[in-house]
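>>> Quick one, fold the following:
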Amino acid sequence: MEQAALIVPVVWLAVLSPGADFAMVSRNSCLYGRQAGLAVSTGIAIACWFHVAYAILGIALIERTFPHAFGLIRMLGAAYLIYMGVSMVLRRRAAEPDAAGPPATFSARGVVTGLLTNGLNPKTSVFVISIYSQALGPDAPLRQQIAWGLFISLSHLAWFALVSSYLSKPGVRAFVLRRQILFNRAIGVVLTLFGTMLLYVNQPGGML
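Numbering: from 1, shown residues only. Just a heads-up that it's a prediction; the model follows:
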């Protein structure tokens, strides 16, 4: 119970805090509908297992075997966010859905978007590593570590499914679709800023 009292609030604070995952789910839900948002949410939940896997395997072992692995992941994450952000800023209205058209369906493309967004997200990496190294510790049974990994993954799925359901409501979606160029540019700028900050903190003398 003491362990749960520590881990649960940390997980939910991390899940609820705004970031690239929230921006991507919001965009797809508003522009393409609930199923599109759920596809991204599913990809995000699956990607959590990537972070959990290397937390369970041992950060020290991975750093010894692949000394530049985490730096490379952060750089790829930054580049991906900047690419997505700039693409959204430059995207024209003709490439976006019509308010009168049907919402998009659950697609593999949406899942892949969620996988890449979260799998390359240093925010998720940092909090998962913190939980497994500080709250659980290396001596925690494997079954317990996997159980907490499942909780982290399902927490992401539950929260972003709620976000998808709300932001894909007809009234909200119609409002956003009427302003889709502005909305795209706003989300694009946010993602570009996230990516630029990640590039900065990965430079020598940066924060990470």
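
>>> so where is the chain shaky, pLDDT-wise?
Low-confidence segments of the chain, defined by pLDDT under 70: 1-2, 59-64, 66-71, 73-74, 77, 91-103, 135, 137-138, 198-208.

>>> for it, what's the longest helix?
For the chain, the helix that runs over the most residues, judged by DSSP state H, is helix 142-167.

>>> Toward the C-terminus from that helix, list the very next helix or strand.
helix 170-177 (DSSP states H and E).

>>> Which positions in that next one come out as buried?
If you call a residue buried by 16 or more other Cβ atoms under 10 Å, then helix 170-177 has these buried ones: 173, 176-177. Where C-beta positions appear, they are placed from N, C-alpha and C, glycine not excepted.

>>> Specify the angle between the longest helix of the chain and helix 170-177 in degrees.
On the basis of axes from the mean of the first three to the mean of the last three Cα atoms, to 10 degrees, helix 142-167 is oriented at 80 degrees to helix 170-177.

>>> so D139, which of the three states?
Assigned with DSSP: H, G, I helix; E, B strand; the rest coil, D139 falls in the coil class.

>>> in stretch 158-167, what counts as buried?
Quick answer for stretch 158-167 (16+ other Cβ under 10 Å): 159-161, 163-164, 167.

>>> Check stretch 4-16 too.
Result for stretch 4-16 [16+ other Cβ under 10 Å]: buried residues 7, 11, 14-15.

>>> quick one: which of those residues sit in helices?
In helices, defined here by DSSP H, the members of these are 7, 11, 14-15.

>>> Adding distance to Y132 as columns, could you present the residues you listed in CSV?
Shown next, in CSV, are these (distance: Cβ to Cβ, whole Å):
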residue, distance to Y132
I7, 10
V11, 12
A14, 13
V15, 16
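
>>> any idea which of the residues you listed is closest to I146?
The closest of those to I146 turns out to be I7 (Cβ to Cβ; 13.8 Å).

>>> what packs against the longest helix of the chain?
On a contact count with 3 or more Cβ pairs under 8 Å, 6 or more residues apart in numbering; DSSP states H and E, helix 142-167 meets helix 2-16, helix 20-32, helix 34-57, helix 170-177.

>>> Contacts only, for A23.
187, 190-191, 194 (Cβ atoms under 8 Å, 6 or more residues apart in numbering).

>>> 6 Å - rerun?
The contact partners of A23, by Cβ atoms under 6 Å, 6 or more residues apart in numbering, come to 187, 190-191.

>>> most neighbours, which of these?
The most crowded member of the contacts of A23, judged by other Cβ atoms under 10 Å, is L191 (26 neighbours).

>>> Give me the nearest residue to that residue, chain neighbours excluded.
G85 (3.4 Å; Cβ to Cβ, 6 or more residues apart in numbering).

>>> helices and strands around the helix or strand encompassing that neighbour, which ones?
Using DSSP H and E, the element containing G85 is helix 69-90. Applying 3 or more Cβ pairs under 6 Å, 6 or more residues apart in numbering; DSSP states H and E, one finds that helix 69-90 contacts helix 180-201.
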